[in-house]
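S.K.: Coordinates for the following, if possible.
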Amino acid sequence: MTLFLLILASYLALGILFAIPFITIGIAHIDPAARHAPLSFRLLILPGVAALWPLLLLRWIRRAPAPQWPRESTRSINTLRRLHFNLWLFLGPALLTALILLITLRPGTGPGAHS
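M.R.: Numbering: from 1, shown residues only. Now for the predicted structure:
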């Protein structure tokens, strides 16, 4: 178990070290549409970049652009943005509540637990 956690920690550390230069420089080489992306977008993709860093590193080295999807109309993009917002409006509190319940209801850690 300790070896697994050490490997996982090393993988994530390398991912974070890779993610910082990638979201500032490398993303423009892979996806030209992200060249002028705001900081909020770059911070949003940081966890995914850290998790998928080997794949993104290969793409960056090869300078292979991402597949080009058909251009969406502004109306459909706004619809997707509203859907995404509404989804997180529901999921955010639900996930927070689940996390709080998991922490407080663990055996031996709640109120009245004896040490």
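S.K.: Ile50: how many residues sit nearby?
M.R.: Actually, residue 50 is Ala rather than Ile. If you count neighbours by other C-beta atoms under 10 Å, Ala50 ends up with 21. For every residue, glycine as well, the C-beta is placed using N, CA and C.
S.K.: Just to check, it is in contact with Ala19?
M.R.: Yes. The criterion here is C-beta atoms under 8 Å, and Ala50 meets it with Ala19 at 4.5 Å.
S.K.: and Thr2, how far is that from Leu8?
M.R.: 11 Å (C-beta to C-beta, to the nearest Å).
S.K.: Between these two, point out the one with more neighbours.
M.R.: Neighbour count, other C-beta under 10 Å: between Thr2 and Leu8, Leu8 has more, with 10 against 6.
S.K.: any idea how far Leu55 is from that one?
M.R.: 17 Å.
S.K.: now the helices: where do they sit in this protein?
M.R.: 2-21, 27-30, 39-51, 53-62, 74-104 (DSSP state H).
S.K.: So what touches the third one?
M.R.: In other words, helix 39-51. Contact partners of helix 39-51, identified using C-beta atoms under 8 Å, 6 or more residues apart in numbering, comprise Leu12, Gly15, Ile16, Phe18, Ala19, Phe22, Ile23, Thr24, Ile27, Ala34, Leu56.
S.K.: Drop anything exposed from these.
M.R.: Gly15, Phe18, Ala19, Phe22, Ile23, Ile27, Ala34, Leu56 (16 or more other C-beta atoms under 10 Å).
S.K.: Show me which pair in those is furthest apart.
M.R.: Gly15 and Ala34 (18.4 Å; C-beta to C-beta).
S.K.: what's the span of stretch 24-39, first residue to last?
M.R.: By C-alpha to C-alpha, to the nearest Å, the extent of stretch 24-39 from end to end equals 9 Å.
S.K.: Buried residues in it, which are they?
M.R.: Those would be Gly26, Ile27, His29, Ile30, Ala34, for stretch 24-39 by 16+ other C-beta under 10 Å.
S.K.: roughly how far out does stretch 38-47 sit from the chain middle?
M.R.: 8 Å (C-alpha atoms, centre = their mean, to the nearest Å).
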